[in-house]
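**Student:** the sequence isn't on hand, but the structure is:
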């Protein structure tokens, strides 16, 4: 039983950050208890486990909380190291994987949010910036199957949840990822062939509905 | 000879991010070639080595560049692993060290910059936020000698360069770190007893002069 093993993931279904953790846990074949949080009324366990940011995802392992999705993914990789490694074993390759995961962390979510929150000039600026970010990532991917080569891993996990948001980004800001970064879109499809990814992401249309609901809540037309 | 070993650090004297790398290299006893960059006229090597951010520090090891200070410190720790470890060996302790180093990265520099760039209400807000950040860090330090316990390591390296900026922050925004976070100030002094730290940081008055020069350049009174 997952509960007996003491692995709990505090999460929210549409969160790309939470999805990173779900993918990593699935890649390692770890059973765990998934607890959906109500972000409008966070559980005492979430507030106690992440007093600094009060955010999901939080992984609780034998009563001890780990926060921040990329730190959680690294933790999962290091603790359940018997399965295929997600972070490269070579120190230089590892530094490069960390660089790109960090780049994704710094850029995608913030710029992507501006795509659906802003209108007019602000949105146009965000669109230009977002396409630049995607092109930078496509260039780094090159002709490789996954970011680290033939093996699905850390950088793929950092980025792939956002592909379920592409439809929302494209529809909001009027561009085509397929047209701008065809190789990156192909990579996303390749990732979706993995069960770990397919079962962690949601239908892009459901993500869009969620964002429409958020926009209503924020009073954005 | 450092050059033969092929370890080059592209850096700028007052950078707390560069200083992290210098401290880590000194802790490991690694000889390297220090190259001071002119940030107003960056070297072709810097632009080529960090095409994404075009920022120092960059560590070049056998011709291969590593960017982003916390990633560089982890790389140094992993490659020269024969010396005392900087990042904790235990996976949970490691996840917590990464959490706090990331917290420092996200909070201190940005908020500290607002302390000397802004005036009036903006500065007051930044001051309140900055003192909160320091208190959070002091609470995490608790009664420990260093952030990870008895051993100087990753989180100490992430934070200690900013102590040389405290005088600038205090003078700009009119507060006393000594009064607000006495234990954290004591910790800073403890770190400065280490040769690796003492030789990497600069006189707080020199940092202040540098910031005054920056303010003039930006047209801030």
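**Tutor:** Great, that's in hand. Quick caveat, the model's predicted, so the values are computed rather than measured.

**Student:** run through the neighbouring helices and strands of the longest helix anywhere in chain A.
**Tutor:** In chain A, assigned by DSSP state H, the helix with the most residues is helix A:91-117. In terms of contacts (3 or more CB pairs under 8 Å, 6 or more residues apart in numbering or on different chains; DSSP states H and E), helix A:91-117 is packed against helix A:69-79, helix A:120-141, helix A:154-159, helix A:166-173, helix A:204-217, strand B:64-67, helix B:69-79. (Glycine included, C-beta is placed from N, CA and C.)

**Student:** from the contact counts, what lies against the fourth one?
**Tutor:** Counting contacts by 3+ CB pairs under 8 Å, 6+ apart, helix A:166-173 packs against helix A:91-117, helix A:120-141, helix A:177-180, helix A:204-217.

**Student:** give me the contact list for it.
**Tutor:** Residues outside helix A:166-173 that contact it (CB atoms under 8 Å, 6 or more residues apart in numbering or on different chains) are A:112, A:115-116, A:123, A:126-127, A:130, A:175-177, A:185, A:188, A:204-205, A:207-208, A:211.

**Student:** now swap in the fifth one and tell me
**Tutor:** Contact partners of helix A:204-217, identified using CB under 8 Å, 6+ apart, comprise A:14, A:116-117, A:164-168, A:171-172, A:221.

**Student:** give me the neighbour count for residue A:209.
**Tutor:** Burial of residue A:209 is recorded as 14 neighbouring residues (other CB atoms under 10 Å in any protein chain shown).

**Student:** same check on residue A:122?
**Tutor:** Neighbourhood size, residue A:122 [other CB under 10 Å]: 12.

**Student:** what comes up buried for stretch A:113-128?
**Tutor:** Buried residues in stretch A:113-128, defined by neighbour count with 16 or more other CB atoms under 10 Å in any protein chain shown: A:114-118, A:123, A:126-127.

**Student:** got it, and stretch A:126-140?
**Tutor:** A:126-127, A:130-131, A:133-134, A:136-138, A:140.

**Student:** just put those residues in a markdown table and tack on distance to residue B:85 and pLDDT.
**Tutor:** Converted to a markdown table, these look like this (distance: CB to CB, whole Å; pLDDT from 0 to 100):
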| residue | distance to residue B:85 | pLDDT |
| --- | --- | --- |
| A:126 | 42 | 98 |
| A:127 | 45 | 98 |
| A:130 | 39 | 98 |
| A:131 | 42 | 98 |
| A:133 | 35 | 98 |
| A:134 | 37 | 98 |
| A:136 | 33 | 98 |
| A:137 | 32 | 98 |
| A:138 | 37 | 98 |
| A:140 | 30 | 98 |
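
**Student:** and stretch A:207-221, average pLDDT?
**Tutor:** What stretch A:207-221 shows for mean pLDDT is 91.

**Student:** what residues does chain A have near chain B?
**Tutor:** With CB under 8 Å from any CB of the partner chain as the criterion, chain A meets chain B at residues A:52, A:61, A:64, A:66-68, A:71-72, A:74-75, A:78-79, A:91-92, A:94-96, A:98-99, A:102-103, A:136.

**Student:** which pair in the buried residues of stretch A:113-128 spans the largest distance?
**Tutor:** A:117 and A:127 (12.5 Å; CB to CB).

**Student:** before we move on, the earlier item: compare the contacts of helix A:204-217 and tell me which is most surrounded.
**Tutor:** Taking other CB under 10 Å as the neighbour criterion, residue A:165 ranks highest of the contacts of helix A:204-217 with 25 neighbours.

**Student:** my guess is that one contacts residue A:111. True?
**Tutor:** No. Using CB atoms under 8 Å, residue A:165 is not in contact with residue A:111; the gap is 11.3 Å.

**Student:** can you pull the contacts of the most centrally placed residue in chain A?
**Tutor:** Nearest residue to the geometric centre of chain A (CA atoms, centre = their mean): residue A:16, 3.4 Å. Neighbour list for residue A:16: A:109, A:161-162, A:164-165 [criterion: CB under 8 Å, 6+ apart].

**Student:** may I see the residues you listed arranged in JSON lines, with pLDDT and distance to residue A:45 as well?
**Tutor:** Shown next, in JSON lines, are the contacts of residue A:16 (pLDDT from 0 to 100; distance: CB to CB, whole Å):
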{"residue": "A:109", "pLDDT": "96", "distance to residue A:45": "24"}
{"residue": "A:161", "pLDDT": "98", "distance to residue A:45": "23"}
{"residue": "A:162", "pLDDT": "98", "distance to residue A:45": "27"}
{"residue": "A:164", "pLDDT": "97", "distance to residue A:45": "27"}
{"residue": "A:165", "pLDDT": "97", "distance to residue A:45": "27"}
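
**Student:** ok, so of those, who is nearest chain B?
**Tutor:** Relative to chain B, the closest of the contacts of residue A:16 is residue A:109; by CB to the nearest CB it sits at 13.6 Å.

**Student:** now do the nearest residue to the closest one once chain neighbours are set aside against residue B:185, distance only.
**Tutor:** In this structure, residue A:109 finds its nearest non-sequential neighbour in residue A:16, 6.9 Å apart by CB to CB, 6 or more residues apart in numbering or on different chains. Using CB to CB, to the nearest Å, one obtains 39 Å as the distance from residue A:16 to residue B:185.

**Student:** and if you look at residue A:138?
**Tutor:** Counting by CB to CB, the gap from residue A:138 to residue B:185 is 47 Å.

**Student:** cool, and residue A:214?
**Tutor:** Residue A:214 sits 43 Å away from residue B:185, going by CB to CB.

**Student:** was I right about residue A:57 contacting residue A:69?
**Tutor:** Yes. Shown here, residue A:57 and residue A:69 form a contact pair, counting by CB under 8 Å, at 5.7 Å.

**Student:** between those two, which contacts overlap?
**Tutor:** By CB under 8 Å, 6+ apart, the residues touching both residue A:57 and residue A:69 are A:17-18, A:20-21.

**Student:** ok so, going back, more neighbours, residue A:214 and residue B:185?
**Tutor:** Taking other CB under 10 Å, residue A:214 and residue B:185 do not tie; residue B:185 has more neighbours (18 against 14).

**Student:** helices and strands around the helix or strand that contains that one, which ones?
**Tutor:** Element membership for residue B:185, per DSSP states H and E: helix B:182-192. Packing partners of helix B:182-192 (3+ CB pairs under 8 Å, 6+ apart): helix B:120-141, helix B:177-180.

**Student:** neighbour count and secondary structure for the shared contacts of residue A:57 and residue A:69 - can I get that in CSV?
**Tutor:** What follows is the shared contacts of residue A:57 and residue A:69, written out as CSV (neighbours: other CB atoms under 10 Å in any protein chain shown; DSSP: H, G, I helix; E, B strand; the rest coil):
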residue, neighbour count, secondary structure
A:17, 20, helix
A:18, 26, helix
A:20, 28, helix
A:21, 29, helix
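
**Student:** so which of those comes closest to residue A:155?
**Tutor:** Nearest to residue A:155 out of these is residue A:20 (CB to CB; 10.9 Å).
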